Structures are given as C-alpha cells and as structure tokens.
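In: Here's a sequence, model it:
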Amino acid sequence: MNAQNGNLSFIVLGASGDLARRKVIPALFALYCQNLLPANFQVLGFARTKMTDEAFREMITAHLTCRYTPGEACGERMTEFLARCFYRAGRYDSRESFQALYGTLRELEGPQEACRIFYFAVPPSIFHDIAHALGGAGLVRPAGSQPWTRVVIEKPFGTDRASSDELSQQIKTVFDERQIFRIDHYLGKEVIQNLMALRFANLIFEPIWNRLYVDKVFISWAETIGIEGRAGYFDGIGVIRDVMQNHLLQMLALVAMEQPVSLTKYVRDEKVKVLRSILPVTIEDLVLGQYAAGGGQKGYREEPGVPANSNTSTYAMAVLRVRSRRWSGVPFILSAGKALDRNMTEIRIQFKRTAGHVFLDKWPEGLPPNELVIRVQPDESIKFGIMNKVPGLGLNLEHTELNLRYASAFDGLIPEAYESLILDVIRGDPGLFICEDELEASWDVFTPVLHEIDEKRIEPEPYAFGSAGPAGIQKMLSKFPPRW
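Out: Down below sits the predicted model:
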C-alpha cells in the first residue's frame, strides 16, 4: 500500500514533549496544508501525561503556523487537521498501555488497515522499553509486509560506539533495519540537500573538488546562547557528542563523498565509505573549551544543575583527515560551540592560493584564496569569494563575494527540515537517514578520544561568554598555513 494514496496512522510517542509540539506535529500540519498527506490519516499522540483529545489539540495549536495557507483558509485547514489528532496516556514500558493504544488505532483506522509510523520523540534510554511494548502488543508488522510499519528515532544514538551498538541491537529485536529511520534534522535542511545538486549537477566543481585545488575545509556550528537550563542533558555529554559526531560529521560526508549511483540508499553507501576512511581523532587534533562568565552572563559552571568542577566541553575544534585519493592531505576542520559571538552554521571550502600571479607587486604576501561558502543558517546562501578589480583608474584588487541568497533567489517558501524528512519516511526514501553502518563508522572517529577525555578528565580551556572561543583555536589553525 502506498500511504500517500491510502490510510496512514502517525503515532507520536512522547507527544506532550517539546520536540513533538514544536517540530514533529507542526511539520505534519505543513505537509497537510500542501496536500502531501494521504486522504485518510490520523495523528495519535501517546505519553505519560494525562490529557484529553481536546487538551492535546489546544496544546499543539499554539505551534501550528499558516506558512502555506495564509488568511482565512488557514483556520479551516487547522480545524480539519486538529479533528484528526487524538491522544492517549499510558506507560512506556507497559504492554497493556500499548494494547489499549492498539485498540484506539483500530477504531480510528476503521476497516481499512493503515500503514503506521511510530515517531520516538523520547529519550534514547526508553527506546528499548517502548520497542518491546510495541512488539508485545502486536503493533509492529514484519518488514516487507503491506501495509507497512516504520519507526523514526532521534539522536543521540548512544554516547560512544559500544552504547550505540547496544541501542541498535535493542531496537532491532523488534524492528528490521529496513524499518528504522534514524533522523538527523540537519540533513533535511534545504542548503544541505542542495550540496548534492551543487556538486553533481554542475560540471565546474568536479575538476577542482579534490586535494589538488582544495587547501582546507571548515565546517562550523556556533550559537550565542548557553545551555539554557539543559544541564540535565548536556553535562557529561558535551558538544562533541551533541553536535560534532552527528550534524557536522554528516555534513563532512556529503562534502567528501563520491557521486552515488542514485539518490536513494546509495547516498548512504557513499557516506559510509567516507566515514570509514577518516582516521580516529587524537587529543592532539582537538581544542576543547568551556564558556566562563562574560558580558553579564553566567559561566557554564554557574549554570543551574552543573557541578562546580564540571569538565564538560561547550566548545570543540577537531581536525579530521580523510584517507582517500581525492582528499589525502586536506584537513577538515570541524568546530562547534555555545555562548560564542555569532549564530551560524556553514561549510567553508578554502581553495589553494594562486601561484605565480602577475599581481605580486601589490600582493607580495599572496592573494587571498578563493572560498566557496555554504551558509546553512541563518540566511541560507551560497557564496563564492573571488578577486575583483576595484572600479577606478588604478589596478586595485579586492576580495568580493558572488552571493546567492535563497530568500531573494527563490520565490517559494523554504521547507523546514522536519517537513522534508517526515515526507521521506512516508515515501520510504532512506537516503537522508542514518543507517547502522554509518552510525558505527561515525562513532569510530570519535570514541577513542572521547574515552581519553573522560578517563583523564582533560580540562577544557575557559573562554568568555560572547567571545570568539578559546585562545587555543589560533594555535591549532597556525598548524595549517595556506598552501599554494
């Protein structure tokens, strides 16, 4: 059965939580407004919190937007959508609770059997209990059956290779790997998806997308805020596990991979090859930082719930090396940090300097290198830095940018990441989701150094809240001067 033409039940586990209210259900509403959900669908929320259908609808209404149906039409669409939203309370480890959920589903679905998507908007610590309760209640159909069953799980997928493997094995006692969609919402962002179009639909980049012309690649993630009350999750996890091992490593894989055979599961195959070719990060390849008080803001160790002696890193820079013919010798410099002086996520591909040029009298130290910058957020854009002559009678050069801003270049709305990814789950397209092999390879890059940091309690370097980060950044970057 094709769910877009048939009957679909979308079950949100953890429906009273922030992720479900702010991201998952608003994405479903956005798809509904674009007529991308099947004619017969129902959204069933499940969580421990006791709530009526009406209270559930009232809770989620605050986060539904009229992006795709402005004006009076939005109210009608919202009413129609909410009428298909229901809620049941229960315990996550209770087969009886899920048997009651099964009974509710059968009532909602009617005589026509529905395809089912279970969205785990819950902490990974209870994935195993939920999966077994679902299986015990008869809610999970075998892989390959029609109508189908699929499950979506959110990061973090463990805290190292061993815990990730254990989590995968627990889930796979109930779900087949073909049914599992591990979501990394960064892969749903429009600019990230455009990376493949940029690389493989434009002939100009392929000849220079390699070690002969690329000097280094920067992949950066920065926030101006601190942990904002999330000490219970963040402390002991740190920014490497929270952002670098998943979001940034996925972006690296899309930059470095070879062209896939097609845009389905073969994308994942090529990403796995890249991840397996990355040397494990060593402590010498790292800069670790932790924000201190600054600009009237508290330091990390002063945040509620954070131990006074916490060694958790809120900033990290890691140098990764890809062992392949295309990328040998090119450093991939990943950085992620909180409480910095900017909000930004971008990929910056820096090319080698122009050698033997005719402007040596004006630029004896060398011309600034060309750069291709893919800005993921905010203000999605693609920029290409080149040298230009400054208008005038003299021959003066200036580094300028060719700038394609998505907001001005395209008339249509830019979909939210969850809209794109949930639609792929419905369609059964796994290309932008994380497979088990990919997860194993990505943890192998960071697990050894994470264990070393934890065992030796390596102290992160303090940096002021709102600054550019720890001083060790410049020392690390000085190891990689521009090349010709």
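
In: Sort out which residues of stretch 81-99 are buried, please.
Out: Phe81, Leu82, Arg84, Cys85, Phe86, Tyr87, Arg88, Ala89, Gly90, Tyr92, Ser97, Phe98 (16 or more other C-beta atoms under 10 Å). In short, each C-beta sits where N, CA and C put it, glycine included.

In: Using CSV, write out every CA atom in the helix or strand where Lys271 lies.
Out: Here Lys271 sits within helix 265-276, counting by DSSP states H and E. Only the C-alpha atoms of helix 265-276 are listed here, as CSV (Å, rounded to 0.1, in the frame of the first residue of the first chain):
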residue,chain,number,x,y,z
LYS,A,265,20.1,4.3,-0.4
TYR,A,266,23.2,4.7,-2.4
VAL,A,267,23.8,8.1,-0.8
ARG,A,268,24.2,6.3,2.5
ASP,A,269,26.6,3.8,0.9
GLU,A,270,28.9,6.6,-0.3
LYS,A,271,28.7,8.4,3.1
VAL,A,272,29.7,5.2,4.8
LYS,A,273,32.8,4.9,2.6
VAL,A,274,33.9,8.4,3.6
LEU,A,275,33.3,7.9,7.3
ARG,A,276,35.3,4.6,7.3
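
In: Leu31 and Phe41: what is the separation?
Out: 10 Å (C-beta to C-beta, to the nearest Å).

In: ugh, wrong one, I meant Ile126
Out: 26 Å.

In: who has more neighbours, the two?
Out: Phe41 (23 against 15; other C-beta atoms under 10 Å).

In: hang on, the more buried one is in a strand, isn't it?
Out: Yes - checked against DSSP: H, G, I helix; E, B strand; the rest coil, Phe41 lies within a strand.

In: my read: it touches Leu8, true?
Out: Yes - contact criterion C-beta atoms under 8 Å: Phe41 and Leu8 qualify, at 4.4 Å.

In: who does the helix or strand that the helix holding Lys271 is followed by touch, helix- and strand-wise?
Out: Following helix 265-276 in sequence order, the next helix or strand is strand 286-292 (DSSP H and E). Packing partners of strand 286-292 (3 or more C-beta pairs under 8 Å, 6 or more residues apart in numbering; DSSP states H and E): strand 315-321, strand 461-464, helix 472-477.

In: Pull up the pairing partners for strand 286-292, direction included.
Out: Sheet pairing of strand 286-292 (DSSP bridges) gives strand 315-321 (antiparallel), strand 461-464 (parallel).

In: Including mean pLDDT and distance to Leu252, could these go into JSON lines?
Out: Output for these, formatted as JSON lines (pLDDT from 0 to 100; distance: least, C-beta to C-beta, whole Å):
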{"stretch": "strand 315-321", "mean pLDDT": "98", "distance to Leu252": "7"}
{"stretch": "strand 461-464", "mean pLDDT": "97", "distance to Leu252": "24"}
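
In: from the ones you listed, which stretch is densest packed?
Out: strand 315-321 (a mean of 24; mean count of other C-beta atoms under 10 Å).

In: Make JSON lines out of the buried residues of stretch 81-99 and add distance to Val272 and pLDDT.
Out: JSON lines is the format used below for the buried residues of stretch 81-99 (distance: C-beta to C-beta, whole Å; pLDDT from 0 to 100):
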{"residue": "Phe81", "distance to Val272": "38", "pLDDT": "94"}
{"residue": "Leu82", "distance to Val272": "41", "pLDDT": "94"}
{"residue": "Arg84", "distance to Val272": "38", "pLDDT": "94"}
{"residue": "Cys85", "distance to Val272": "38", "pLDDT": "96"}
{"residue": "Phe86", "distance to Val272": "39", "pLDDT": "96"}
{"residue": "Tyr87", "distance to Val272": "39", "pLDDT": "96"}
{"residue": "Arg88", "distance to Val272": "39", "pLDDT": "94"}
{"residue": "Ala89", "distance to Val272": "40", "pLDDT": "93"}
{"residue": "Gly90", "distance to Val272": "37", "pLDDT": "93"}
{"residue": "Tyr92", "distance to Val272": "32", "pLDDT": "91"}
{"residue": "Ser97", "distance to Val272": "37", "pLDDT": "92"}
{"residue": "Phe98", "distance to Val272": "34", "pLDDT": "90"}
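
In: Let me know the distance separating Asp285 from Val239.
Out: For Asp285 relative to Val239 (C-beta to C-beta), the value is 15 Å.

In: With Leu44 instead?
Out: 35 Å.

In: State the next helix or strand along the chain beyond the helix or strand bottoming out on mean pLDDT in the chain.
Out: Every helix and strand of the chain was ranked by mean pLDDT, DSSP states H and E. The lowest is helix 406-409, at a mean of 66. Using DSSP H and E, the next helix or strand after helix 406-409 towards the C-terminus is helix 417-427.
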